[in-house]
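Chemist: when you get a sec, could you give me coordinates for this:
(one chain, ligands or ions: 1)
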Amino acid sequence: MSILYGVSPSPFVRKAMLAHAHKNIPFDLKMTLPSSDDEEFRQASPTGKIPGYKADDGAAFADSSVIVAYLERISNDNALYPEKASDYAEALWLEEWSDSELMPTTNALYFQKVLGPVFFKHETDQKRVDEILTDLIPKVFDLLESRLTEKSWLVGDDFSIADLAIGSCLISLLHADYKIEQSHWPKIYNYNEQFLALPIVQEQIANEKNVIAHSVA
Ligand SMILES: N[C@@H](CCC(=O)N[C@@H](CS)C(=O)NCC(=O)O)C(=O)O
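Modeler: Model (predicted):
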């Protein structure tokens, strides 16, 4: 069976785990922290970033986007990449925006409220929290609100890589106890409710809560 190196509360590991769950592809999670010097992990991820991956055939590589693209090549079931070229491009752009803009923002709050205190004995910096809440989140949320429509998912009619990437950030906000203001961002509010209700997401959240509860520094 393939091996995913990482820890479930990491947003990029979460993204890779949810892709496996969505596509019904089994895997073993080998609990690995960033920068671990485990030799097999470093073969997969020379930079030490998680997630790393070792496929069934022994191929080793890293990066959540690469892992999800690989999964799509080995199984067409529950496709995560839209068929239509323009939808495909839009979904990839949203994934890229999510990984490079939304994730750092949601992760900043998640770090202050959860990851720092739980894993790194880091006290919450309230000034930084206020800055994230008043400056950073509105910037990314205004853009996200403008990309959502009355449709269930971000691109086309089906759940796609765009939803997987963006939803992974929303889980960080859930852990950080962030409440989305419904009157300000009504589409994100509804989208978040719908995403969090998915059985694969519920299962992922339960897994992460368990890890967080057992990791208090
Ligand atoms: N682009 C990578 C980013 C991976 C990443 O930044 N992972 C974080 C944990 S969530 C990490 O390992 N950070 C440690 C570091 O930057 O050294 C992906 O999509 O997998």
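Chemist: for this protein, which residues are neighbours of the ligand?
Modeler: Selection of the chain residues close to the ligand by CB under 6 Å from any ligand atom yields 10-12, 34-35, 48-51, 63-65, 99. (Each C-beta comes from the backbone N, C-alpha and C, glycine too.)
Chemist: what do you get if the cut-off is 5 Å, keeping everything else the same?
Modeler: Proximity of the chain to the ligand (CB under 5 Å from any ligand atom) is limited to residues 10, 12, 34, 49, 50, 63, 64.
Chemist: pLDDT added to those residues, as CSV?
Modeler: Formatted as CSV, the residues of the chain next to the ligand follow (pLDDT from 0 to 100):
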residue, pLDDT
10, 96
12, 98
34, 95
49, 98
50, 98
63, 98
64, 98
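Chemist: so which of those residues is surrounded by the most neighbours?
Modeler: residue 64 (29 neighbours; other CB atoms under 10 Å).
Chemist: so that residue makes contact with residue 98?
Modeler: No - assessed by CB atoms under 8 Å, residue 64 is found out of contact with residue 98, at 10.4 Å.
Chemist: name the element residue 14 belongs to?
Modeler: In the assignment (DSSP states H and E), residue 14 maps to helix 11-23.
Chemist: ok, then the element right after that helix?
Modeler: Counting by DSSP H and E, the element after helix 11-23 in chain order, helix or strand, is strand 28-31.
Chemist: and that next one, which strands flank it?
Modeler: strand 3-6 (parallel) (DSSP bridges).
Chemist: and the partner strand, how far out from the chain middle?
Modeler: The chain centre lies 15 Å from the centre of strand 3-6; the measure is CA atoms, centre = their mean, to the nearest Å.
Chemist: residues touching that strand, excluding its own?
Modeler: Defining contact as CB atoms under 8 Å, 6 or more residues apart in numbering, one finds that strand 3-6 is touched by 12-13, 16-17, 20, 27-32, 36, 38, 40-41, 44-45, 50-54, 67.
Chemist: can you pull the contacts of residue 16?
Modeler: Residue 16 is in contact with 4, 6, 51, 53, 64, 67, 68, counting by CB under 8 Å, 6+ apart.
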